[in-house]
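**Q** could you work out the structure for the sequence below:
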Amino acid sequence: MVTHDDDRAAPRQRVGPLVEVADLAVCFDGGVDALRGVTFSLDRGESMAIVGESGSGKSTLAHCLAGLIQPPAARGSVRVDGLELLGASDEALRSVRWSTVALALQGSPFNPVVTVGDQVAEPLRDRLGMGAREARSRAAELAQEVLLDPALLDRYAHQLSGGQRRRAALAMVLTLDPALIVLDEPTAGLDPATRQDLVKRIVRLAAEKGFALVVISHDLPDAASMADRTMVLYAGEVMEDGATARVISEPAHPYSWALVNAYPVMTTTKDLRPIRGLPPDPRAVPPGCPYNPRCTQAEPICVEVRPELVHSRDRLVLCHFGGLKTLLSAEGVTKSFGRGRHAVQALSGVSVSVREGESVGVVGPSGSGKSTLARILAGHLALDSGRVELMGEPLPTSWRGADRLRRRRIQLIMQDPADALSPRLSVEDLVAEPLDVVGANGVDRGAEVAGALESVGLPSSGSFLRAYTHQLSGGQLQRIALARALVARPKVLVADEPTAMLDASEQARMLVVLRERQIEMGLGLIYVSHDLASVRKVADRIVVLDEGKVVEEGPSAVVSTTPQSATARLLVDASPAFRLADRQASSERT
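**A** Predicted coordinates for the structure are as follows:
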């Protein structure tokens with residue numbers, strides 16, 4: 001009898017990538033473009049996660065890697081271990097399935113009238129010529145390897161739980177020790193504990209056996225746990241491809257960024273952000289970049305010209321701009337007030353940046369320089385040294401000509417609405433004033449005002465438009481200040497303690513409105529506050545200031561839970577929390 005190891009020894013000596021996919025396109029009947037020009041390679045022993053929303057082409061790609069989709073539906077090239085799968089003969093395809101590439105399909109791909117054990121053993125009998133007893137013995141060994149009780153092999157698929165069926169499917173793809181294993185949604189529908197156990201087992205088996213692994217999943221945390229590399233698909237195209245740690249923690253493409261922010265995980269503290277709009281109909285994928293209708297940084301070139309997949313930020317990114325734009329950046333900002341020995345150093349070498357759709361929290365105790373930084377970033381206060389750039393160009397310092405139009409792209413929301421809202425103007429005139437200042441000719445003033453008010457949850461008609469500031473509540477005034485900023489259609493908002501004057505209910509309402517507008521407009525947000533509890537619900541990153549210097553910076557979840565600086569620790573300890581257990585214990589001691 002020829003053993004499986006002997007059968008696989010020669011092919012595994014081949015030099016070069018194990019998988020080579022070039023310009024792969026799949027179009028099903030009815031003009032459904034499932035894949036559009038996918039290109040990538042995978043080395044032996046390498047692990048890759050392929051992620052994206054439903055309908056992005058993930059499962060179609062998995063089927064192509066096993067040769068299950070053939071011309072004329074598929075075009076391009078799919079080579080596995082040197083064999084071209086597209087157009088290959090049935091005999092050639094049969095020779096590589098299970099032994100070179102094994103695919104575990106999504107769901108429960110078991111015959112309901114045959115025991116699970118017989119199905120796991122089938123490749124052993126069919127390909128290696130094992131007898132029934134020997135094949136069954138080997139199937140039991142494989143079941144143990146995937147932590148499945150061998151006694152369960154005598155059952156039918158419907159008699160097993162979802163997790164048990166997943167393990168049985170994993171045992172089946174391991175039968176012929178393939179060089180490539182493709183798992184399509186291996187953890188979908190499982191409870192967290194079962195899912196975690198299965199993920200750990202897959203990772204361990206890949207390390208022990210050395211097979212290359214492709215994980216198809218819409219579950220970002222599980223996919224990231226199983227793969228060193230992640231490829232993001234959207235509308236059948238590769239949006240981003242790079243090291244998993246970089247793609248998940250620092251997404252470059254706007255779609256990758258939106259996808260990561262939409263997923264609930266325990267390591268984030270901010271609220272979820274749904275991806276605006278809907279995925280495209282595969283029968284009518286938009287021209288240019290397929291993501292352009294949903295992308296907040298799209299420009300005419302994104303609609304007219306299809307971008308190339310190019311190296312950017314240590315990975316491949318399909319974007320005309322190399323990924324998310326940096327909307328605002330400040331480097332080495334220094335500011336002092338007064339002169340000589342009476343001078344007060346407000347800021348010293350502060351650097352901060354914010355990208356498209358990103359929220360950056362700036363926190364610190366009173367007198368740390370937060371408000372000074374906010375005013376400098378918004379162009380309301382001159383700096384002594386350093387530089388501030390708005391969308392790649394120096395922040396304008398004048399209100400003349402083109403500078404006036406550029407300055408509308410960044411807006412400041414002040415802590416006290418009374419500082420920003422004239423008591424002599426009605427609500428309508430307050431919201432419309434920024435349009436008048438920048439000379440927005442040809443704009444329907446009334447429609448713009450109404451739209452801005454509605455976007456922040458305020459009435460857009462009737463007596464409310466004629467009301468004055470003394471006739472309104474604090475919450476209404478702060479939302480008018482936000483509407484006033486939004487009517488200028490900015491790309492960056494600098495919010496200086498925007499909820500400090502509000503009660504808890506109005507504070508929550510304000511933050512929800514702010515988050516919704518940010519998602520819709522792709523706003524970069526600098527959120528300045530001493531209240532870490534509110535900042536952590538809004539910010540992706542947190543910058544901690546103390547005595548005019550940055551003493552800590554990092555992801556919101558890290559800074560707000562495991563701070564490294566003394567200043568951040570003080571802010572965390574002082575943040576409000578319901579400590580009922582502590583109070584109960586104190587009462588019992590009393």
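**Q** correct me, but Ala525 touches Glu356?
**A** One thing to correct before we go on: residue 525 is Leu, not Ala. No - between Leu525 and Glu356 there is no contact under Cβ atoms under 8 Å: 10.9 Å. For every residue, glycine as well, the C-beta is placed using N, CA and C.
**Q** of the two, who's got more company?
**A** Leu525 (24 against 21; other Cβ atoms under 10 Å).
**Q** that one: what's it in contact with?
**A** If you count contacts by Cβ atoms under 8 Å, 6 or more residues apart in numbering, Leu525 has them with Val354, Glu358, Ser359, Val360, Val492, Leu493, Ala495, Leu514, Gln518, Val538, Ala539.
**Q** for the residue lying closest to the last one once chain neighbours are set aside, list each beta-bridge partner.
**A** Which is Ala539. Spatially, and ignoring its direct neighbours in sequence, Ala539 is nearest to Gly361 (3.3 Å; Cβ to Cβ, 6 or more residues apart in numbering). Beta bridges link Gly361 to Tyr527, Ile542 when assigned by DSSP bridges.
**Q** what about Gly361, distance to Thr561?
**A** To Thr561, Gly361 is 14 Å away according to Cβ to Cβ, to the nearest Å.
**Q** make CSV from the contacts of Leu525 and add neighbour count, distance to Val15 and secondary structure to it.
**A** CSV is the format used below for those (neighbours: other Cβ atoms under 10 Å; distance: Cβ to Cβ, whole Å; DSSP: H, G, I helix; E, B strand; the rest coil):
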residue, neighbour count, distance to Val15, secondary structure
Val354, 25, 46, strand
Glu358, 22, 43, coil
Ser359, 27, 48, strand
Val360, 24, 47, strand
Val492, 20, 51, strand
Leu493, 26, 54, strand
Ala495, 29, 57, strand
Leu514, 23, 56, helix
Gln518, 20, 50, helix
Val538, 24, 52, coil
Ala539, 27, 49, coil
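**Q** save these as JSON lines, and put in pLDDT and distance to Leu395 too.
**A** Formatted as JSON lines, the contacts of Leu525 follow (pLDDT from 0 to 100; distance: Cβ to Cβ, whole Å):
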{"residue": "Val354", "pLDDT": "96", "distance to Leu395": "13"}
{"residue": "Glu358", "pLDDT": "93", "distance to Leu395": "18"}
{"residue": "Ser359", "pLDDT": "93", "distance to Leu395": "20"}
{"residue": "Val360", "pLDDT": "95", "distance to Leu395": "16"}
{"residue": "Val492", "pLDDT": "94", "distance to Leu395": "10"}
{"residue": "Leu493", "pLDDT": "93", "distance to Leu395": "15"}
{"residue": "Ala495", "pLDDT": "91", "distance to Leu395": "17"}
{"residue": "Leu514", "pLDDT": "84", "distance to Leu395": "22"}
{"residue": "Gln518", "pLDDT": "86", "distance to Leu395": "21"}
{"residue": "Val538", "pLDDT": "87", "distance to Leu395": "23"}
{"residue": "Ala539", "pLDDT": "89", "distance to Leu395": "22"}
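**Q** Lys200 sits in which helix or strand?
**A** helix 192-209 (DSSP states H and E).
**Q** again with Thr334
**A** Assigned by DSSP H and E, Thr334 falls in strand 326-337.
**Q** adjacent strands (with direction) for that strand?
**A** Using DSSP bridges, strand 326-337 pairs in its sheet with strand 344-355 (antiparallel), strand 385-390 (antiparallel).
**Q** now that strand, how far from the centre of its chain.
**A** Relative to its parent chain, strand 326-337 has a centroid offset of 27 Å by Cα atoms, centre = their mean, to the nearest Å.
**Q** residues of that strand that come out buried?
**A** Of the residues in strand 326-337, Thr326, Leu327, Leu328, Ser329, Ala330, Val333, Thr334, Lys335 count as buried by neighbour count, 16 or more other Cβ atoms under 10 Å.
**Q** helix, strand or coil for Arg283?
**A** coil (DSSP: H, G, I helix; E, B strand; the rest coil).
**Q** let me see the contact set for it.
**A** Gly30, Gly31, Val32, Asp33.
**Q** and Arg445, by the same measure?
**A** Ala432, Leu435.
**Q** any idea how far it lies from Ile480?
**A** Taking Cβ to Cβ, one finds Arg445 at 16 Å from Ile480.
**Q** what does Ala343 give?
**A** Separation of Ala343 from Ile480 (Cβ to Cβ): 37 Å.
**Q** list the residues that contact the residue lying closest to Arg44 once chain neighbours are set aside.
**A** Spatially, and ignoring its direct neighbours in sequence, Arg44 is nearest to Leu18 (4.6 Å; Cβ to Cβ, 6+ apart). Contacts here follow Cβ under 8 Å, 6+ apart; on that basis Leu18 touches Leu42, Asp43, Arg44, Glu46, Val80, Asp81, Ala179, Leu180, Ala212.
**Q** ok, Ile413 next?
**A** Ala420, Gln478, Ala481, Leu482, Ala485, Leu493, Val494, Ala495, Asp496, Pro498.
**Q** which non-adjacent residue is nearest the most centrally placed residue in the chain?
**A** Centroid-nearest residue in the chain, with Cα atoms, centre = their mean: Val260, separated by 1.9 Å. Spatially, and ignoring its direct neighbours in sequence, Val260 is nearest to Pro251 (5.2 Å; Cβ to Cβ, 6+ apart).
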